[in-house]
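# attaching a predicted model along with its sequence, questions to come.
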There are 2 protein chains.
Amino acid sequence: MNRIITISREFGSGGREFGRRLSENLGCAYYDQEIVKEIAKRTELSVKYVQQVMGHRPVSSYPIHIGRSFRMMSDPSLDQSQTIFREQCSILREIAAKSDCVIVGRCADYILHDAQPFRIFVYADMASKVSRCREKNYEKEDLTDKELERRIQSINRSRASYYEYYTGQKWGGRIHYDLCINTTQTNIKEMTAAITRLFEK
Amino acid sequence: MNRIITISREFGSGGREFGRRLSENLGCAYYDQEIVKEIAKRTELSVKYVQQVMGHRPVSSYPIHIGRSFRMMSDPSLDQSQTIFREQCSILREIAAKSDCVIVGRCADYILHDAQPFRIFVYADMASKVSRCREKNYEKEDLTDKELERRIQSINRSRASYYEYYTGQKWGGRIHYDLCINTTQTNIKEMTAAITRLFEK
């Protein structure tokens, strides 16, 4: 069985950097935005739209009482979310069957449960997330720290809600991960070097 | 400044083994029961009594309404808990000032905050905790799995409540730790070897 490592991460915590470094150290495949692009290709939807759908828990476009009155009525918005999620599942399974890899996000820890992935959750305190976003010049916007903080909170709330909708599990709940790494005071390069050792054959 | 590593751990998760191995790999001091013994010596209380007090959140021996009516009345049970906690704090600070070390439990992550400890939380799922306790022949009692599970839950509830009483922080809340390690499917020896690398100079 291939060695699958999944990285779930708070926005601003450096989880993507951690995943990239880990795959480089191990010399194995790395998947992140590639999955979104492949879904877009297969569903003939735009990358931007797929990204938007994958960043939020599905919401019915009809008011709930209409949904209740006309049970058979289909909801195009919900249908598309389901189609995208189905493609996501099948792409992740193909990837996992192909070779050892590191996968960032996309509920991969849950979807690939049968492949016994090593599941990592990366997080940090708010000040550290704000400062990391500043370093990365996030969206090149002139946001105050308070505004940036609200933006980070909102993205992380969406990630949690998307994850919980599809998995029924608490995003970041420690029992669902093998390792939870706080990057607040940790040098990501050194931490990745240490964790790499776990997987060296 | 000395390198202090603190290990908080769920009962049955193998946190003590993790801490012991880590200190052996790093060739540094290891403190666990030694702290209880030193407190007993300094307070002239028995090791068993100190251990019992340190395993539970303090409870007033007077009904609350009496406490309210006679504000100046001292409560010997509460006083003793406070004395033990004060000794615990001063012993931990002495230990931290002496040399690099690994400290298991005793709210050391919180008490030694100024020494910037690397804070590890070790946990596992219930089935794994039960099986680890069986391996260790815990208390040599003929408990059913269900009874052992209840015993483990009760000890962990006491640890959480003790920690939260003295620190005001949630025991096991990921933001209070640098690393949270799930030992359910992890080989502790291999994990310790990897984490050791983080601290090698």
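Okay, I see it. Numbers count the residues shown, from 1 in each chain, chains lettered A, B, ... in the order given.
# quick one, helices of chain A?
According to DSSP state H, chain A carries its helices in the segments A:15-26, A:33-43, A:47-54, A:64-69, A:76-98, A:108-111, A:126-135, A:145-167, A:188-199.
# helices or strands next to the shortest one in the packing?
Contacts of helix A:108-111 with other secondary structure elements, assessed using 3 or more Cβ pairs under 8 Å, 6 or more residues apart in numbering or on different chains; DSSP states H and E, are made with strand A:4-9, helix A:76-98, helix A:145-167. C-beta: built from backbone N, CA, C; applies to glycine.
# list of residues touching that helix?
A:4, A:6, A:8, A:88-89, A:92-93, A:117, A:119, A:163, A:166-167, A:169, A:176-177 (Cβ atoms under 8 Å, 6 or more residues apart in numbering or on different chains).
# what's the answer for the second one, then?
Under the contact criterion Cβ under 8 Å, 6+ apart, helix A:33-43 has outside partners A:45-47, A:49-51, A:54, A:83-84, A:87-88, A:91-92, A:95, A:103, A:106.
# in it, what's buried?
Along helix A:33-43, these residues count as buried under the neighbour rule (16 or more other Cβ atoms under 10 Å in any protein chain shown): A:Ile35, A:Val36, A:Glu38, A:Ile39, A:Ala40, A:Thr43.
# hang on, the earlier thing: of the helices and strands packed on helix A:108-111, which shows the lowest average pLDDT?
Comparing mean pLDDT across the helices and strands packed on helix A:108-111, the weakest is helix A:76-98, with a mean of 87.
# what lies in contact with it?
With Cβ under 8 Å, 6+ apart, helix A:76-98 has contacts from A:2, A:4, A:29, A:31, A:35, A:38-39, A:42-43, A:45, A:50, A:53-54, A:58-61, A:101, A:103, A:106-108, A:111-112, A:115, A:117, A:166.
# what about it, distance to the chain center?
Taking Cα atoms, centre = their mean, to the nearest Å, one finds helix A:76-98 lying 14 Å from the centre of the chain it belongs to.
# with stretch A:14-26 instead?
With Cα atoms, centre = their mean, you get 14 Å for stretch A:14-26.
# and that stretch, average pLDDT?
96.
# using PDB, list the CA coordinates for it.
The C-alpha trace of stretch A:14-26 is given here as PDB (Å, rounded to 0.1, in the frame of the first residue of the first chain):
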ATOM      1  CA  GLY A  14       2.000  27.500   7.000                       C
ATOM      2  CA  GLY A  15       0.500  24.000   6.400                       C
ATOM      3  CA  ARG A  16       1.000  24.200   2.700                       C
ATOM      4  CA  GLU A  17       4.700  25.000   3.200                       C
ATOM      5  CA  PHE A  18       4.900  22.100   5.600                       C
ATOM      6  CA  GLY A  19       3.300  19.700   3.100                       C
ATOM      7  CA  ARG A  20       5.500  20.900   0.200                       C
ATOM      8  CA  ARG A  21       8.700  20.600   2.200                       C
ATOM      9  CA  LEU A  22       7.700  17.100   3.500                       C
ATOM     10  CA  SER A  23       7.100  15.900  -0.100                       C
ATOM     11  CA  GLU A  24      10.400  17.400  -1.200                       C
ATOM     12  CA  ASN A  25      12.300  15.700   1.600                       C
ATOM     13  CA  LEU A  26      10.600  12.400   0.900                       C
END
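# residues near the nearest residue to A:Ile4 once chain neighbours are set aside, how many?
Leaving aside its sequence neighbours, A:Ile4 sits nearest to A:Pro117 (Cβ to Cβ, 6 or more residues apart in numbering or on different chains; 4.0 Å). Close neighbours of A:Pro117, defined as other Cβ atoms under 10 Å in any protein chain shown, add up to 24.
# my guess is A:Pro117 contacts A:Asn2. True?
No. Using Cβ atoms under 8 Å as the test, A:Pro117 is too far from A:Asn2 to be in contact (9.7 Å).
# what's the burial count for A:Asp109?
So A:Asp109, with other Cβ under 10 Å, has 25 neighbours.
# now do it, the pLDDT please.
For A:Asp109, pLDDT reads 96.
# distance of it relative to B:Gln82?
44 Å (Cβ to Cβ, to the nearest Å).
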